[in-house]
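A.B. asks: need the 3D shape of this:
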Amino acid sequence: MNTIKLSMAQALLRFLDNQYVSVDGTETKFVKGVMGIFGHGNVTGLGEALERSPGSLTFIQGKNEQGMAHAATAFAKQSGRKQIFACTSSIGPGALNMVTAAGTATVNRIPLLLLPGDNFACRQPDPVLQQLENPGDYTMSAVDAFKPVSRYWDRIVRPEQLMTAALSAMRVLTDPAETGTVTLALPQDVQAETYDYPEAFFAKRVHVIERRPAATDAIRSAVNLLAGKRKPLIIAGGGVHYSGAAEELMAFATAFGIPVAETQAGKSVMPWNHPLNMGGVGVTGTLAANRLAKEADVVIGIGTRYSDFTTSSKSAFVNENVEFININVSRFDAVKQGGIAVTADAVEALQALRKALNEAGYVSGYDRGMLAEWKAEWDREVNLLYAAEHEAGLSQTRALGVINETLRPSDVIVAAAGSLPGDLHRLWRPVEPGTYHMEYGFSCMGYEVSGAFGAALAEPGREVYAVVGDGSYLMLHSELVTSLQEGVKMTVLLFDNSGFQCIHNLQRGHGSDGFGNEFRYRNPQDGSLSGSYMPIDFAAHARSLGARTYTVHTSEQLREAILLAREETVSTLIEMKVLPGTNTSGYESWWRVDVPAVSVSPKVEAAHREMAKETDKARKL
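C.D. replies: Numbering: from 1, shown residues only. Prediction:
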C-alpha cells in the first residue's frame, strides 16, 4: 500500500479538498474552503496546512467566530446544501464563540463543519492557556460544549483516527436526513503530528445524495386517508427547496386543487401570485392561510418539522377530524403530529402520490371562487400595509413595501430575528425560488449580516440584502468587514426602531408595561431605563468600516437609496429610521408564551387567564 507522510492537519485538508456530492448525476465539489480565525490551538497546525498546503481550498479570514460560522451556514443553505465552508478556531473562547452558530445550523438541518482547536492530547503543557479544568473529568474541554448542538462530534487524539472521523463526518454532512453541525475537536499537538496515511484515503470521493423513493404502503395509506377528505391543506417547508421540488409541488397542488401554505423555510418555493399560494401559515401567517388551517380536515406537510410558529403552538389545526400526512426525508420529522409518515424525497413522494391520486380520481372539495376571494382579500390587506403612511415617520410595513417593489425578482433577502420575520413571512412577495433566505429555526439574532455575506458568497451573480433590526445588528455585524475584505458585495437594510421592539411588543401584550427592551438612557430620577432614546448613528459606524452608507427617513428617500446602492461596487448599508410598533400581528394566530398566575400586577394575572384559555384549546398530540 502506497503511503504519504503528512501532518494530521495537512491530511485533513487534502481529504476535504477531494470530496464531491452528486445529485441527479451532477457532481459538485463539496468543500469550497475554510473560514478561520487563528490563535493558539490552530495557528501552527491547521494554520500551517492552510498556508503551505491548501490545495484548491479557499481561505477566508473571519472577524468573529460566531459570525464566520453563520456565514458558512448561510453559504451552505443558499447553495442548496451542496457545498460548504469549514470553520476553524483556536481553543477556549474562540471555539466557544461558534457554539451558537452550531446550534443554528443543526436546528435548520444545514451542513456545517467546525474544526475547533483543543487542549494538548499529551497533557504536558498542563493546564494550557484557555484550558478548562474539570476536577471530576479531565478529558472534558471547552469543545465538549458542542456535543448537544452537533449531529456528529469527535475528538481526534491520534493522527490515524482522522481517517474514520473524516469519513463519519462526511456521512452526516451529506445525508439530507441527518445533516447539521459536525464538530471535530482537534488537539493542537495532534494537528502537527505526522502519520503515513494511505494514498487511497485522499482519492476522490463522490457522495451520492439519493432521492429516496416513497414506500408503496405509505403511498397507499396516504391515498386511503385522502379519499375521505375534502379540505386538504399543503404545508410547504424547507425540504421542498432542498429537494428541488418546486415545480412538482405546483403541479401536484394544481392537479387536485389543493391550497398551499408556506413555512418560513419554505417561502418562495411558489410565486406569491400563484392562485393556490395562500402565503405564510401559523403565528406569522396570513389571514387566508390561517383560515384554511382551521378548516383543514387533512394537512399534507412536505419537508417541514412543524415548529410551534408553523402550528401556532398546536392551535392552528382545530378541525376535530384533522389528520396529517407527512412527507419528509427524516422519519424523525415524518412521524410528527401523529401523521402518516411518507419517509421519502419530496420529488419522489409527490410524483408517486400524484399518480396514485389520479388513478383514484381524487379532487379536493374546495370552492375555487372562495379560495380566490380569500387570496384576493389578503392581497388587498398587503397593499394597504405596504402603502401605510404615518405623519410621525416611516412605518415598518411601508418600508418593506418600498423595498419589495424596488428590488428585482432575482434579488435575495436574508433575515432571522425580531419583528421583521413576521412581517416578511406575511407580506413579502417573492417570485423566484431561493430569494427568501430566512433563518427561523433558531431565530438567531446576529445571523443577518453574516448570513448575507455567506449567501452573496454562494451566489455572486445576485444582489443580496440583509434585512435586520438595530438590536440584531448591534449583536453581530463583524462579517460586514469580511465582505469588504473579500470584495463580496451585500447591502444591509437596517431598520432602526430604538431597541428590541419585537420582545417589547410581546411583553406588553402579556401584562407588562414595557421593561428593559428599548435603547434608552437611564433615568436619573428613578434609576430606570426609561430616559430618552439613544441616538445611534449606524451609518457613521458602517462608514468607518469602509462601507458605503445612506440614511433615510421617508419612503421616497428609501427608494432612491436602494437604487443608488444597487450601483455601488462595495457593501453598503442603508439606515432607516422606522416607527416602533408599526409591524403586523394577529390574523387569527396564537403563540404560547406562559405568563405567571400570580403577580402584583392585575394585568399580568389577566394575561395568564387568557393564556390558559388558549392553551386548553390547543391540540395535545
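A.B. asks: count of neighbours near the spatially closest residue to K63 that is not a sequence neighbour?
C.D. replies: Spatial nearest neighbour of K63, excluding adjacent residues (Cβ to Cβ, 6 or more residues apart in numbering): S478 at 3.8 Å. No exception for glycine: its C-beta is placed from N, CA and C like everyone else's. Residues lying near S478 (other Cβ atoms under 10 Å) number 20.
A.B. asks: so in the protein, which helix runs the longest?
C.D. replies: helix 368-387 (DSSP state H).
A.B. asks: all the helices of the stretch 251-400 of the chain, in order from the start?
C.D. replies: Taking DSSP state H, counting those that start in this stretch to define them, one finds helices in the stretch 251-400 of the chain at 287-295, 308-311, 331-334, 346-360, 368-387, 396-406.
A.B. asks: for these, which one sits closest to Y587?
C.D. replies: helix 287-295 (4.4 Å; Cβ to Cβ).
A.B. asks: now that closest one: how far from the chain's centre is it?
C.D. replies: 25 Å (Cα atoms, centre = their mean, to the nearest Å).
A.B. asks: using CSV, list the CA coordinates for that helix.
C.D. replies: Only the C-alpha atoms of helix 287-295 are listed here, as CSV (Å, rounded to 0.1, in the frame of the first residue of the first chain):
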residue,chain,number,x,y,z
LEU,A,287,-55.3,35.5,7.3
ALA,A,288,-56.1,33.3,4.2
ALA,A,289,-53.7,30.5,5.2
ASN,A,290,-54.7,30.6,8.9
ARG,A,291,-58.4,30.4,8.0
LEU,A,292,-57.7,27.4,5.8
ALA,A,293,-55.6,25.8,8.5
LYS,A,294,-58.6,26.0,10.9
GLU,A,295,-60.9,24.3,8.4
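A.B. asks: and the average pLDDT for that helix is what?
C.D. replies: Computed over helix 287-295, the mean pLDDT rounds to 97.
A.B. asks: and that helix with helix 368-387, angle?
C.D. replies: Interaxial angle of helix 287-295 relative to helix 368-387 (axes from the mean of the first three to the mean of the last three Cα atoms, to 10 degrees): 140 degrees.
A.B. asks: find the centremost residue of the protein, please.
C.D. replies: Note on the chain: the residue nearest the mean C-alpha position is E439, at 2.3 Å, using Cα atoms, centre = their mean.
A.B. asks: could you report the pLDDT at that residue?
C.D. replies: 97.
A.B. asks: ditto for A606
C.D. replies: 83.
A.B. asks: shouldn't it be within a helix?
C.D. replies: Yes: using DSSP: H, G, I helix; E, B strand; the rest coil, the assignment for A606 is a helix.
A.B. asks: excluding its backbone neighbours, what's nearest it?
C.D. replies: The shortest distance from A606 to any non-neighbouring residue, by Cβ to Cβ, 6+ apart, is to G511 (6.8 Å).
A.B. asks: same check on S315?
C.D. replies: Spatial nearest neighbour of S315, chain neighbours left out: A618 (4.5 Å); criterion: Cβ to Cβ, 6+ apart.
A.B. asks: and the gap between that neighbour and S312?
C.D. replies: Separation of A618 from S312 (Cβ to Cβ, to the nearest Å) stands at 8 Å.
A.B. asks: okay, now the nearest residue to G36 once chain neighbours are set aside: neighbour count?
C.D. replies: Excluding the flanking residues, the one nearest G36 by Cβ to Cβ, 6+ apart is T88, at 4.1 Å. Per other Cβ under 10 Å, the neighbour tally for T88 reads 35.
A.B. asks: just the element for T88, please.
C.D. replies: Using DSSP states H and E, T88 sits within strand 84-89.
A.B. asks: how is this protein partitioned into domains?
C.D. replies: Listed by automatic domain parsing, the domain ranges of the chain are 3-208, 216-367, 388-498+534-577.
A.B. asks: the longest one: end-to-end distance?
C.D. replies: Its first and final residues considered, domain 3-208 spans 27 Å by Cα to Cα, to the nearest Å.
A.B. asks: now the domains of the chain as a markdown table including distance to S601?
C.D. replies: As requested, the domains of the chain are exported to a markdown table (distance: least, Cβ to Cβ, whole Å):
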| stretch | distance to S601 |
| --- | --- |
| domain 3-208 | 33 |
| domain 216-367 | 24 |
| domain 388-498+534-577 | 24 |
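A.B. asks: wait, which of the ones you listed is closest to G586?
C.D. replies: Relative to G586, the nearest member of the domains of the chain by Cβ to Cβ is domain 216-367, separated by 8.7 Å.
A.B. asks: roughly how far is stretch 282-297 from the heart of the chain?
C.D. replies: Distance, stretch centre to chain centre, for stretch 282-297: 22 Å (Cα atoms, centre = their mean).
A.B. asks: now stretch 405-413
C.D. replies: Distance of stretch 405-413 from its chain centroid, counting by Cα atoms, centre = their mean, is 19 Å.
A.B. asks: just the residues contacting that stretch, thanks.
C.D. replies: By Cβ atoms under 8 Å, 6 or more residues apart in numbering, the surrounding residues in contact with stretch 405-413 are 78, 386, 424, 428, 430-432, 434-437, 455-456, 459, 462-467, 559, 562-563.
A.B. asks: ok, now with 6 Å
C.D. replies: For stretch 405-413, the external contacting residues (Cβ atoms under 6 Å, 6 or more residues apart in numbering) are V431, E432, T435, H437, A455, R462, E463, V464, Y465, V467, R559, I562.
A.B. asks: of all the residues you listed, which comes closest to V578?
C.D. replies: Distance to V578, by Cβ to Cβ, is smallest for V467 among the contacts of stretch 405-413, at 11.9 Å.
A.B. asks: now do the SS call for the closest one.
C.D. replies: Three-state assignment for V467 (three-state DSSP): strand.
A.B. asks: can you tell me the closest non-neighbouring residue to it?
C.D. replies: A415 (4.3 Å).
A.B. asks: so the one you found makes contact with Y465?
C.D. replies: No: contact criterion Cβ atoms under 6 Å: A415 and Y465 do not qualify, at 9.1 Å.
A.B. asks: which of those two has more residues huddled nearby?
C.D. replies: Neighbours around A415 and Y465, counted as other Cβ under 10 Å, are more numerous at A415. The numbers are 29 against 26.
A.B. asks: who is the more buried one paired with across the strands?
C.D. replies: Using DSSP bridges, the bridge partners assigned to A415 are M438.
A.B. asks: from A356, how far out is it?
C.D. replies: Counting by Cβ to Cβ, the separation of A415 from A356 is 38 Å.
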